[in-house]
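Asker: What follows is a predicted protein model with its sequence.
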Amino acid sequence: MRGERGFSLIEMVVVLAIIGTLLGIGSMQFGRMQKKSSIEQQTRTIYAKMTEMRVEALYTKQARTLVLGDRRLTVYASSDGSGPALQVQQLPFAATMGADDRVSFEASGLMTGGDRALCVEPGGVAENPGNIDSVVVTAAKAYMGKRNSGGACVPTQIVAK
């Protein structure tokens, strides 16, 4: 029986190689999960802003309009998006709206102009890792969902989640 203890140089190199490979795989997955989380957070923020606008229109008895443009949401106290902005919120990712760049709520809290979809598009492309990436607003409700792969940003292409 030999009295030597410890690891050989080859054993140490093998262990370090395994650890390096695992760290590389983990960091790639972490980046993907972080982007997925950011997309979902932005979608939840948009959904909350839509819900808040509907409630404000209902309780203040004044129309509200949300305008999407240049990575920001702007809220106006009018039915046509004119006048001074009440709120401006910057968005980390680009977003698009199917038919129009605005959503308007009447003083009764109902949306005007037909159903709308608002989709988050990181990097300007529709494909993304988020489980939710879209908000659909109808006359009386709003819901979050995931856009079908390759689908347009319209309510019929979004699956409710």
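Answerer: Everything's here; your move.

Asker: where exactly do the helices run in the chain?
Answerer: Counting by DSSP state H, the chain has these helices, from start to end: 9-60.

Asker: residue nearest the centroid of it?
Answerer: For the chain, T43 is the residue whose C-alpha lies nearest the centre (C-alpha atoms, centre = their mean; 2.9 Å).

Asker: Would you agree that one is in contact with G130?
Answerer: Yes - under the criterion of C-beta atoms under 8 Å, T43 is in contact with G130, at a separation of 6.8 Å. The C-beta positions use only the backbone N, C-alpha and C, and glycine is treated the same way.

Asker: Overlap of the contact sets of the two?
Answerer: Common contacts of T43 and G130, defined by C-beta atoms under 8 Å, 6 or more residues apart in numbering, comprise V120.

Asker: Can you list the low-confidence ranges for this structure?
Answerer: Low-confidence segments of the chain, defined by pLDDT under 70, span residues 1-3, 99.

Asker: Off-centre distance for stretch 153-161?
Answerer: The gap between the average C-alpha position of stretch 153-161 and the chain average comes to 14 Å, counting by C-alpha atoms, centre = their mean, to the nearest Å.

Asker: So for that stretch, what gets flagged as buried?
Answerer: 153-155, 157-158 (16 or more other C-beta atoms under 10 Å).

Asker: which one of those is nearest A107?
Answerer: Sorting the buried residues of stretch 153-161 by distance to A107 puts P155 at the head of the list, at 24.0 Å, by C-beta to C-beta.

Asker: residues in contact with the residue nearest to the residue nearest to the centre of the chain when sequence neighbours are not counted?
Answerer: Closest residue in space to T43, ignoring its immediate chain neighbours: I132 at 4.9 Å, by C-beta to C-beta, 6 or more residues apart in numbering. With contacts taken as C-beta under 8 Å, 6+ apart, I132 has the following neighbours: 39-40, 43-44, 144-146, 161.
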